[in-house]
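1. Please find the sequence and the predicted model below.
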Amino acid sequence: LDIDALRIVANGVNKLKSKDNAVIVITHYQRLLDYIVPDFVHVLYNGRIVKSGGKELAHELEEKGYDWIKEEVNA
């Protein structure tokens with residue numbers, strides 16, 4: 001998605017979010033999370049949730065990539 005499309009998608013998702021309505025967003029694009037601020041971030045590896053955290057985890061993944069997660073899981 002280009003930047004304009006990201007904003008359109010994010011606006012739509014943000015309109016759906018409420019205290020009574022959960023939204024699950026699956027993405028590989030941290031940039032989308034600049035517009036949809038997550039309450040929780042979960043990392044899937046081999047079909048399992050292997051790491052959970054807040055929006056900081058998404059920033060860490062953007063900075064470091066995913067290799068450190070793989071190393072943690074396989075240790």
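-> Cool, got the structure. Everything quoted here is computed from the prediction, not taken from an experiment.
2. So which other helices or strands are in contact with whatever helix or strand N11 lives in?
-> Secondary-structure element containing N11, defined by DSSP states H and E: helix 3-16. Using 3 or more Cβ pairs under 8 Å, 6 or more residues apart in numbering; DSSP states H and E as the contact criterion, no helix or strand is in contact with helix 3-16. All C-beta atoms are positioned from the backbone trio N, CA, C, and that covers glycine.
3. For E60, what are phi and psi?
-> The phi and psi torsions at E60 (degrees, to the nearest 10) take the values phi -60, psi -40.
4. What of A22?
-> Summarising the backbone geometry of A22 under the convention degrees, to the nearest 10, its torsions are phi -90, psi 150.
5. residues near it, how many?
-> 10 (other Cβ atoms under 10 Å).
6. ditto for L61
-> Residue crowding around L61 was assessed by other Cβ under 10 Å; the count is 19.
7. where's it, which helix or strand?
-> Element membership of L61, judged by DSSP H and E, is helix 55-64.
8. Which neighbouring elements make contact with that helix?
-> Partner elements for helix 55-64 (3+ Cβ pairs under 8 Å, 6+ apart): strand 41-45.
9. What are the buried residues along the helix holding N11?
-> L6, V9, A10 (16 or more other Cβ atoms under 10 Å).
10. Surely the last one and V37 touch.
-> No: distance between A10 and V37: 9.6 Å, which falls outside the contact criterion (Cβ atoms under 8 Å).
11. just to revisit the earlier point, now the element after the helix holding L61, going C-ward?
-> Read in the C-terminal direction, the helix or strand following helix 55-64 is helix 67-74, with elements assigned using DSSP H and E.
12. Quick one: mean pLDDT for that next one?
-> Model confidence over helix 67-74, given as mean pLDDT, is 90.
13. now the angle from it to strand 41-45?
-> Between the axes of helix 67-74 and strand 41-45, defined by axes from the mean of the first three to the mean of the last three Cα atoms, to 10 degrees, the angle is 70 degrees.
14. Sweet, I'm off.
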